[in-house]
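> got a predicted structure plus its sequence, pasted below:
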Amino acid sequence: MNRCRPVFAALLASSTALVFSLAPATEAHAQAVQRNFPAKALRGSMVVVQPPLVAMDDRPTRFTAGARILNTDNSLVRPSSLVNQELTVNYTLDQRGQIHQVWILTAAEAKEKRPGYGTQRNFTFESQQASPAGTPAPTTN
């Protein structure tokens, strides 16, 4: 029996060295992975008011019963830890218009263009209106 212990110790040491040598490579690979969002995912600005109540692009809505929120590392986040934080997110809705899945975006992901509901208003400001040709734009004093 004593003859097997040195062989086992050498095997254990070599396997441990192999595992630790691969660990930095897997961490670098995990950071470089680009997340693929569903085509139906929308972009928005989310503020968790009080779970399950959410303001998405200044519209009151709520999370579904099984809603999932994923942070930038694709780890699950509890809605209660995000109360009163304004976050740029991609999200999907269920058939009732409630938020089903949310991805909190990194700065690079937030720069990519994606459709969203956006903030819609039933009025326009004078500064947003096009001025007639030949007339100067209005100035504020």
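Ah, there it is.
> for the nearest residue to residue 77 once chain neighbours are set aside, pull up the helix or strand it's in.
Spatial nearest neighbour of residue 77, chain neighbours left out: residue 69 (4.5 Å); criterion: C-beta to C-beta, 6 or more residues apart in numbering. In this view, the C-beta of every residue, glycine as well, is placed from N, C-alpha and C. If you go by DSSP states H and E, residue 69 is part of strand 59-70.
> quick one: mean pLDDT over that strand.
In this model, strand 59-70 has an average pLDDT of 94.
> same question for stretch 43-52.
Rounded mean pLDDT across stretch 43-52 is 94.
> so what touches it?
54-58, 60, 62-63, 67, 79-80, 82-91, 99, 102, 114-118 (C-beta atoms under 8 Å, 6 or more residues apart in numbering).
> stretch 53-71 too?
Contacts for stretch 53-71 (C-beta under 8 Å, 6+ apart): 44-49, 51-52, 76-79, 82, 91, 94, 96-104, 116-119.
> repeat for stretch 81-90
Outside stretch 81-90, the residues that reach it (C-beta under 8 Å, 6+ apart) are 37, 41-51, 69, 102-105, 109-110, 114.
> in the strand holding residue 69, what's buried?
Across strand 59-70, burial judged by 16 or more other C-beta atoms under 10 Å covers 61-64, 67, 69-70.
> where does this protein have low pLDDT?
Scanning the chain for pLDDT under 70 picks out the ranges 1-33, 117-125, 127-141.
> can you list the domains in it?
Following automatic domain parsing, one gets these domains for the chain: 1-33, 42-117.
> filter the contacts of stretch 43-52 down to the buried ones.
54, 56-57, 62-63, 67, 79, 82, 87-91, 99, 102, 116.
> with respect to residue 126, which of those is nearest?
residue 57 (23.8 Å; C-beta to C-beta).
> can you tell me the closest non-neighbouring residue to that closest one?
residue 44 (4.8 Å).
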